[in-house]
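Visitor: this one's sequence-less:
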């Protein structure tokens, strides 16, 4: 099924869902994945390298491309990479990473912050 | 030729399914302290039922002191307050979808924690109690367990010599069919089971001291029993007429093996070659830290896969 979608992509020059740059990262992924599937450490290193070289905005596009191509393994991989990047991080770090802004009422946010002040002691450095 | 406008996707309007996929690999502390506070759409994604089927609180390590001479830890006030915050926040996000809850082995829960959980987890099916629930009163147990009438599987920790609590659980949780008991198994406890837990199908007593008469009692009286795990147990046979003189055995006697073999699954171990049995503390006792470490492992592991966590 995924190869039908890829064929359609190549046939459709004006496909805005998947740009060229993204395709070059997503499409070779199954071979890479198969080659190093048995070795978790290598996969981790590949993940670290990807995170270093790819901006969060690019990661969005990678995820969307993998989702559009119905490429489950790539989608799982990218989602896991994102999760590892934001694990044990502060709210501000996560917002900055994704370019998000809070849309909570000011009082609401302050209340939550106060309630969980103790939780920031163990959090990783931003 | 398609020329759709560029898909203006950003993390602000990312598909909920993708957000949930990412959140699935994060732990509850990440969800409640940062992820659900990022923005309103992320908070909404944090409430997806699939994220809350299993609520695993084992990473929440309480501060506690061991209260000699009894080996019962007591937590400080800060730990108690933190636990309450975590419970309220996570259970509010869960929206009643939690069906499986595990506490940290050393969590010192009190009535207010148990009742707070019960009110917000009406669909609870499986519950792993911490070892240190000795501060739960009868009233607290009653208030909580009457809200858990759908409970099917329970792990009761090593500190459990309170028959009244067992009776309360048995009174309300009529659908309980899997039970792991993590304490010494004597005739009084066996009678409580046969009186109040008639529907039991799966019982694990692994790594515990089991009185032979208690064991025989449940083999005869629990009519629905299908699976029994007595791996790594120490068996006690009292001398006739005596309540203090007994002989310990590391393997069940032949008559017990014969009675047990009528069950669908009767799990024992080869004591002489069994690593778990070899590492078990002797009846004279061991240092407290080793005891805690071993007890925690026994609580977590089980040859019956549905009772391991």
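Guide: Yep, it's here. Everything numeric in this text was worked out from a predicted model, so none of it was measured.
Visitor: excluding chain neighbours, what is closest to residue B:173?
Guide: Nearest non-adjacent residue to residue B:173, counting by CB to CB, 6 or more residues apart in numbering or on different chains: residue B:151, 4.5 Å away. The C-beta positions use only the backbone N, C-alpha and C, and glycine is treated the same way.
Visitor: and the one you found, how many neighbours?
Guide: Residue B:151 has 22 neighbours, counted by other CB atoms under 10 Å in any protein chain shown.
Visitor: which secondary structure element is home to it?
Guide: Taking DSSP states H and E as the definition, residue B:151 sits outside all helices and strands.
Visitor: for it, give its distance to residue B:208.
Guide: From residue B:151 across to residue B:208, the span is 22 Å (CB to CB, to the nearest Å).
Visitor: likewise for residue B:157?
Guide: According to CB to CB, residue B:157 stands 11 Å off from residue B:208.
Visitor: next SSE after the one helix or strand residue B:84 maps to?
Guide: Residue B:84 is located in helix B:77-94, with elements delineated by DSSP H and E. Sequence order places strand B:100-102 as the next helix or strand after helix B:77-94, per DSSP H and E.
Visitor: who does that next one pair up with?
Guide: According to DSSP bridges, strand B:100-102 forms sheet pairs with strand B:54-56 (parallel), strand B:126-128 (parallel).
Visitor: mind listing what's buried along the last one?
Guide: Neighbour-count burial for strand B:126-128, with 16 or more other CB atoms under 10 Å in any protein chain shown as criterion, is recorded at B:126-128.
Visitor: for the next helix or strand after that strand, name the packing helices and strands.
Guide: Once strand B:126-128 ends, the next helix or strand along the chain (criterion: DSSP H and E) is helix B:138-145. Packing partners of helix B:138-145 (3 or more CB pairs under 8 Å, 6 or more residues apart in numbering or on different chains; DSSP states H and E): helix B:111-120, helix B:163-172.
Visitor: how about those in CSV, adding distance to chain A, mean pLDDT and mean neighbour count?
Guide: CSV is the format used below for those (distance: least, CB to the nearest CB, whole Å; pLDDT from 0 to 100; neighbours: other CB atoms under 10 Å in any protein chain shown):
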stretch, distance to chain A, mean pLDDT, mean neighbour count
helix B:111-120, 15, 94, 19
helix B:163-172, 31, 90, 18
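Visitor: any idea which of those helices gets closest to residue B:77?
Guide: Among the helices and strands packed on helix B:138-145, helix B:111-120 comes nearest to residue B:77, with 12.6 Å by CB to CB.
Visitor: can you list contacts of the closest one?
Guide: Helix B:111-120 is contacted from outside by B:80, B:83-84, B:87-88, B:91-92, B:94, B:96, B:98, B:101, B:124, B:133, B:135-137, B:139-141, B:143-145, B:147-148, using CB atoms under 8 Å, 6 or more residues apart in numbering or on different chains.
Visitor: next one: stretch B:88-104
Guide: The contact list for stretch B:88-104 (CB under 8 Å, 6+ apart) reads A:115-116, B:28, B:31-32, B:36, B:43, B:46-47, B:49, B:51-62, B:109, B:116-117, B:120-130, B:309.
Visitor: list the contacts of the residue positioned nearest the centre of chain B.
Guide: Nearest to the geometric centre of chain B sits residue B:128, at 1.9 Å (CA atoms, centre = their mean). For residue B:128, the contacting residues are B:101-103, B:155, B:299, B:309, by CB under 8 Å, 6+ apart.
Visitor: quick check on the residue nearest to residue B:219 when sequence neighbours are not counted: phi, psi?
Guide: Excluding its sequence neighbours, the residue lying closest to residue B:219 (CB to CB, 6+ apart) is residue B:259, at 4.8 Å. Backbone torsions of residue B:259, given as degrees, to the nearest 10, read phi -70, psi -40.
Visitor: thought the residue nearest to residue B:173 was touching residue B:125?
Guide: Yes. Applying CB atoms under 8 Å, one finds residue B:151 in contact with residue B:125, separated by 6.5 Å.
Visitor: what are the bridge partners for residue B:185, then?
Guide: As for beta bridges, residue B:185 partners with residue B:210 under DSSP bridges.
Visitor: ok, so what distance separates it from residue B:231?
Guide: According to CB to CB, residue B:185 stands 13 Å off from residue B:231.
Visitor: neighbour count for the two, which is higher?
Guide: residue B:185 (23 against 20).
Visitor: contact partners for that one?
Guide: Residue B:185 touches B:205, B:208-211, B:214-215, counting by CB under 8 Å, 6+ apart.
Visitor: make a ChimeraX selection of the buried ones in the residues you listed.
Guide: A single ChimeraX command selects the buried members of the contacts of residue B:185 (16+ other CB under 10 Å):
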select /B:205,208,210,211,214,215
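Visitor: now, which of the contacts of residue B:185 sits nearest residue A:64?
Guide: Proximity of these to residue A:64 (CB to CB) peaks at residue B:205, which lies at 52.5 Å.
Visitor: just list the residues touching the closest one, thanks.
Guide: B:181, B:185, B:215, B:228-230, B:233.
Visitor: let's see that with 6 Å instead.
Guide: Applying CB atoms under 6 Å, 6 or more residues apart in numbering or on different chains to residue B:205 gives the contacts B:181, B:185, B:230.
Visitor: can you put the residues you listed in JSON lines and add pLDDT and distance to residue A:97?
Guide: What follows is the contacts of residue B:205, written out as JSON lines (pLDDT from 0 to 100; distance: CB to CB, whole Å):
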{"residue": "B:181", "pLDDT": "87", "distance to residue A:97": "47"}
{"residue": "B:185", "pLDDT": "88", "distance to residue A:97": "52"}
{"residue": "B:230", "pLDDT": "88", "distance to residue A:97": "52"}
